[in-house]
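Asker: Provided below are the primary sequence and the corresponding predicted coordinates.
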Amino acid sequence: MSKPKVTIIVTQRERFSLTEPSLESILCDYAAYPFDLIYVDGNSPPPVQEYLQQQAQTHEFMTLIRRDRYLRSNVARNIALPQVQEADYVVFLDNDVIIEPGWLKRLVDCAEEEQAGIVVPLILQGQPGSPNIEVHVAGIKTIWRERKFGKKWFEQKQLLYAKQLRDVEQDLHRTPVDSVEFHCLMARHSLMKSVVLDEVFDSLASHTDLCLQATELGEKIFLEPSSRVTFLNPRQITLFTESDIPFYLFKWSEQGIGDVFNRTYSKWKIAKNDPSIWSIWKWVIENRQLPAKWSTQEGSRERQILDFCQRRWCPGWLRTLLESIVFKRAFPQSGIPINLNQEVNASVETLLKQPQPQDVVIH
């Protein structure tokens, strides 16, 4: 019996500067489970563009698609999907994820054994290979609460978020989950032909929208914790180059997030007074401000302005104006490197040199 065929689609989440360590980790594991690779590049700076072109010329299984504009995540995925040919599965990967050896085979094994429509690995966060590495998400629990006039409130919880892996590893097992995240997600190709990746949704809600559609179609969604990847979370991996900033602000812009919420109100029938909405907004504002935060001192006037922008009653237009002023004044032209490329690459090399454990089916 032939092995199921897999096509990996890599899209750019919010930074360009982590492209190389992420892609190198994927390419180094090709021999363990061969795949086709489609990489969608939306207006990356010249050094990144040249690196991607070199890799596409070197690896015949890699197709590079370039657009000279920034792309939201589902826009990029929809550009790539028509290029997928005879794949049984499609893996969506963000460009700031480091994979661990053997990750892909374990995802495929889970999908085949459980007849699942969507399977995700355990997604970690922090420095790859660190003894203090944390869980970013081990699946998502979703709770809907009925309100008046056919509207709903919803709650989502990232399972095991920020728990140290060493403290919870013994309790991890293959399990069905309500929802998952797009950092790394494998879906049956047949499922992707039956759903629509809504291009208004970006990193904030695209995964939820896909999982809602899959559930309505009767598909099972599984977490496979023996497969592992690491999300280089900007809250921990503070690498930002000057060319990252325009793209980062584009992905988390006030207007873009407003469009996402407006679509959720109408598409999911969410009540506008849902108490979870502001908590998500506040997370977005804090996340968008990270490069400015790393560039300023605690207690400085710039920090005070950023804190002011996080207040609920601060109008969006004023928040955008004040944040742009802080960025222009505070962000260093040299960026915020802290040698993280070297550290991540060293971690990747260490991981790939380790002997792979035997595949164990976890039930």
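Answerer: Structure's in. What do you need? Residues are numbered from 1 along each chain as shown.

Asker: Check the gap between residue 234 and residue 27 for me.
Answerer: 24 Å (CB to CB, to the nearest Å). Where C-beta positions appear, they are placed from N, C-alpha and C, glycine not excepted.

Asker: which one of those two has more residues nearby?
Answerer: Just comparing residue 234 and residue 27: by other CB atoms under 10 Å the higher neighbour count belongs to residue 234, 21 against 15.

Asker: where's that one, which helix or strand?
Answerer: Per DSSP states H and E: residue 234 is located in neither a helix nor a strand.

Asker: Once you drop chain neighbours, what's closest to it?
Answerer: residue 290 (5.2 Å; CB to CB, 6 or more residues apart in numbering).

Asker: which residues does the one you found contact?
Answerer: Contacts for residue 290 (CB atoms under 8 Å, 6 or more residues apart in numbering) come out as 234, 235, 238, 240.

Asker: swap the cut-off to 10 Å and go again
Answerer: 14, 233, 234, 235, 238, 240, 248, 252, 336 (CB atoms under 10 Å, 6 or more residues apart in numbering).

Asker: Quick one: neighbours of the nearest residue to residue 316 once chain neighbours are set aside, just the number.
Answerer: Nearest residue to residue 316 in three dimensions, chain neighbours excluded: residue 254, at 4.5 Å (CB to CB, 6+ apart). Counted by other CB under 10 Å, the residues lying close to residue 254 total 18.

Asker: now swap in residue 230 and tell me
Answerer: Neighbours of residue 230 (other CB under 10 Å): 32.

Asker: Enumerate the beta-bridge partners assigned to it.
Answerer: residue 98, residue 124 (DSSP bridges).

Asker: if I read this right, it contacts residue 94, doesn't it?
Answerer: No. Residue 230 is beyond contact range of residue 94, at 11.3 Å (criterion: CB atoms under 10 Å).

Asker: in the stretch 201-350 of the chain, which spans are strands?
Answerer: Per DSSP state E, counting those that start in this stretch, the stretch 201-350 of the chain carries strands over the ranges 221-231.

Asker: which residues of it fall in helices?
Answerer: 206-216, 244-251, 254-267, 275-288, 290-294, 301-309, 316-330, 340-353 (DSSP state H, counting those that start in this stretch).

Asker: tell me the average confidence for the fifth one?
Answerer: For helix 290-294, the mean pLDDT works out to 95.

Asker: If you count neighbours, what's buried in stretch 183-193?
Answerer: 183, 184, 185, 186, 187, 188, 189, 191, 192 (16 or more other CB atoms under 10 Å).

Asker: And stretch 25-40, by the same measure?
Answerer: So stretch 25-40, judged by 16+ other CB under 10 Å, has buried residues 25, 26, 28, 29, 33, 35, 36, 37, 38, 39, 40.
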